[in-house]
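Colleague: Just a sequence and a predicted model for now, questions to come.
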Amino acid sequence: MNKPVSQGRAPVLEATGVRKAFRQGPKQIDVLKGVDLEVMPGDSVAILGASGAGKSTLLHILGGLDQPDGGEVRVGGQSIWSLGENARAALRNSTLGFVYQFHHLLPEFTALENVAMPLLIRGEPVAKASAAASEILVRVGLEQRLDHKPGELSGGERQRAAVARALVGGPACLLGDEPTGNLDETTAAQVFGMVLELNRELETGLVLVTHDRRLAADMDRQFELRQGTLIDSS
């Protein structure tokens, strides 16, 4: 399901010639060998590949969490690796959202408090952050769970809260690393469907690492990470 690229619109995320290698004893393992990727507003991109192919490494580089050995990553037109650590962290907070296989919600805080956290870190007033958190939690179907702590939520509800936390700040792009991999098939499909719906409704770019080809098939573009390069398999 390929969407036409809108004319005159700038990419929310670009990677050009991204390279990454690791040392394994005396041997150098070239994980990424010049990866190029462009994500437009509202675009959804699936990255598939064998275990150990470098999918999570690529996602961490795109998100400014792991520095590449070469190449460039631009988020909203800004070269992320040209920034200092504090400026890069601020850019991540304002323009990127992250969802992982495990929700990483803070157990001592309610769903509302967890989702408001990125805005509080940004310096937003508590009332404004709470209102935004409440609004996005309603949109992901958790209007009856605002005051519940993670231990009181089901697995699917915890992932919905994690998605809400990733989206509360209005990011330009959402990065997901197997975000439904810890859920049963039915719940995974429900959470994934919700993510795609919000991706299209909010026009947030979406880059999702997944092993599930059935889920990937519902996204606009599919890439296979193979021998260090991205191969378009849409």
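Modeller: Perfect, thanks for sending it. Given the structure is predicted, the values throughout are model-derived calculations rather than measurements.
Colleague: Now do the buried residues in the helix ranked longest in the chain.
Modeller: Determined from DSSP state H, the single longest helix within the chain is helix 185-202. By 16 or more other C-beta atoms under 10 Å, the buried positions in helix 185-202 come out as T187, A188, A189, Q190, V191, F192, M194, V195, L196, L198, N199, L202. In this view, the C-beta of every residue, glycine as well, is placed from N, C-alpha and C.
Colleague: any idea which of those residues is the one closest to R214?
Modeller: Each of the buried residues of helix 185-202 was checked against R214 using C-beta to C-beta; the closest is A189, at 8.5 Å.
Colleague: Tell me which helix or strand in this structure has the weakest average pLDDT.
Modeller: In the chain, the helix or strand scored least confidently by mean pLDDT, DSSP states H and E is helix 185-202, which has a mean of 83.
Colleague: Which strands and helices lie in contact with that helix?
Modeller: Of the remaining helices and strands, those touching helix 185-202 by 3 or more C-beta pairs under 8 Å, 6 or more residues apart in numbering; DSSP states H and E are strand 44-48, helix 155-167, strand 173-177, strand 205-209, helix 213-216.
Colleague: Out of those, which one sits most buried?
Modeller: strand 205-209 (a mean of 27; mean count of other C-beta atoms under 10 Å).
Colleague: who does it pair up with?
Modeller: Within its sheet, strand 205-209 is paired with strand 44-48 (parallel), strand 173-177 (parallel), according to DSSP bridges.
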